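J.: pasting the structure only:
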Ligand code: BGC
């Protein structure tokens with residue numbers, strides 16, 4: 001049982017065929033750089049190219065960096081404002097010629113990490129933070145997803161937390177790991193004092209360098225790196241689509 005998993009990000013659009021019973025990637029991932037401006041028509045075109053690459057006509061799961069309800073995009077923190085109000089599930093479905101389940105990118109990564117990675121078997125309140133172009137968050141209570149949390153946008157020192165502590169800020173401002181870690185730790189301490197999670201999982205591209213900043217984290221909560229790292233978004237999106245479209249498998 002296969003599903004095409006897609007992950008739409010600020011810098012790249014990635015896809016791979018996923019075995020939805022094991023969560024394994026069945027093919028190498030195909031990546032296309034996100035088109036300049038990331039406008040809906042151009043992104044839909046890139047989605048169509050990836051679907052064509054895999055010659056796939058079955059169900060598709062797609063993570064997208066925004067609040068998503070019923071396939072519709074509600075926010076645009078790191079994407080073109082013209083996305084707001086767009087039925088992106090329909091747009092991508094037309095580009096792909098098949099059924100697309102759309103969900104928030106961090107929620108997609110969280111689903112994979114909870115089923116197959118660092119969150120496996122973990123009850124209580126688990127928060128996963130994806131460190132990338134933005135700060136994505138996903139929350140699970142006893143394994144159940146609470147979708148569309150946007151906790152990367154809490155205010156810290158009068159600013160959107162994401163604009164201080166995302167991985168893109170570290171590279172853009174040429175911050176040392178230690179300088180960035182101080183900012184990120186402040187974020188972790190604040191979020192912990194608001195939510196009191198039992199576990200925080202760090203995912204996204206930034207978590208690949210976990211060893212470079214782990215020793216600087218002081219938040220009084222168990223913090224672990226994601227196990228699936230950057231494939232989690234594609235895998236989780238595929239798993240969610242398999243559940244949404246059982247009749248198409
Ligand atoms: C968006 C979230 C998204 C996160 C990671 C944030 O800017 O508001 O919806 O999950 O970036 O891409």
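T.: Nice, thanks for sending it over. Note that the structure is a prediction, hence the values are computed from the model and not measured.
J.: Quickly list the domain ranges of the protein.
T.: 2-107+231-248, 121-226 (automatic domain parsing).
J.: got the end-to-end distance for the longest one?
T.: Right, the one you point to is domain 2-107+231-248. 10 Å (CA to CA, to the nearest Å).
J.: again with stretch 194-214
T.: Note: stretch 194-214 ends 21 Å apart using CA to CA.
J.: what pLDDT, on average, does that stretch get?
T.: Mean pLDDT, computed over stretch 194-214, is 96.
J.: quick one: buried residues of that stretch?
T.: 195, 197, 199-208, 210, 213 (16 or more other CB atoms under 10 Å). The way it works is simple: take the backbone N, C-alpha and C, and place the C-beta from them, glycine included.
J.: Among these, which ones are in strands?
T.: 199, 200, 201, 202, 203 (DSSP state E).
J.: Is it possible to get CSV of the buried residues of stretch 194-214 that adds distance to residue 230?
T.: Converted to CSV, the buried residues of stretch 194-214 look like this (distance: CB to CB, whole Å):
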residue, distance to residue 230
195, 25
197, 23
199, 20
200, 18
201, 14
202, 12
203, 8
204, 7
205, 6
206, 10
207, 9
208, 7
210, 13
213, 17
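J.: and residue 167, what does it touch?
T.: 131, 132, 133, 204, 205, 206 (CB atoms under 8 Å, 6 or more residues apart in numbering).
J.: near the ligand too, which of these?
T.: residue 132 (CB under 6 Å from any ligand atom).
J.: nearest spatial neighbour of residue 112, skipping sequence neighbours?
T.: residue 236 (3.5 Å; CB to CB, 6 or more residues apart in numbering).
J.: Is there any residue in the longest helix seen in the chain that contacts the ligand?
T.: Longest helix in the chain, counting residues (DSSP state H): helix 177-195. No: Helix 177-195 lies apart from the ligand when judged by CB under 6 Å from any ligand atom; the minimum separation is 13.4 Å.
J.: From the chain's centre, how far out is that helix? Work that out for me.
T.: Put simply, helix 177-195 sits 19 Å off its chain's centre (CA atoms, centre = their mean, to the nearest Å).
J.: Also stretch 13-26?
T.: Distance, centroid of stretch 13-26 to centroid of chain: 15 Å (CA atoms, centre = their mean).
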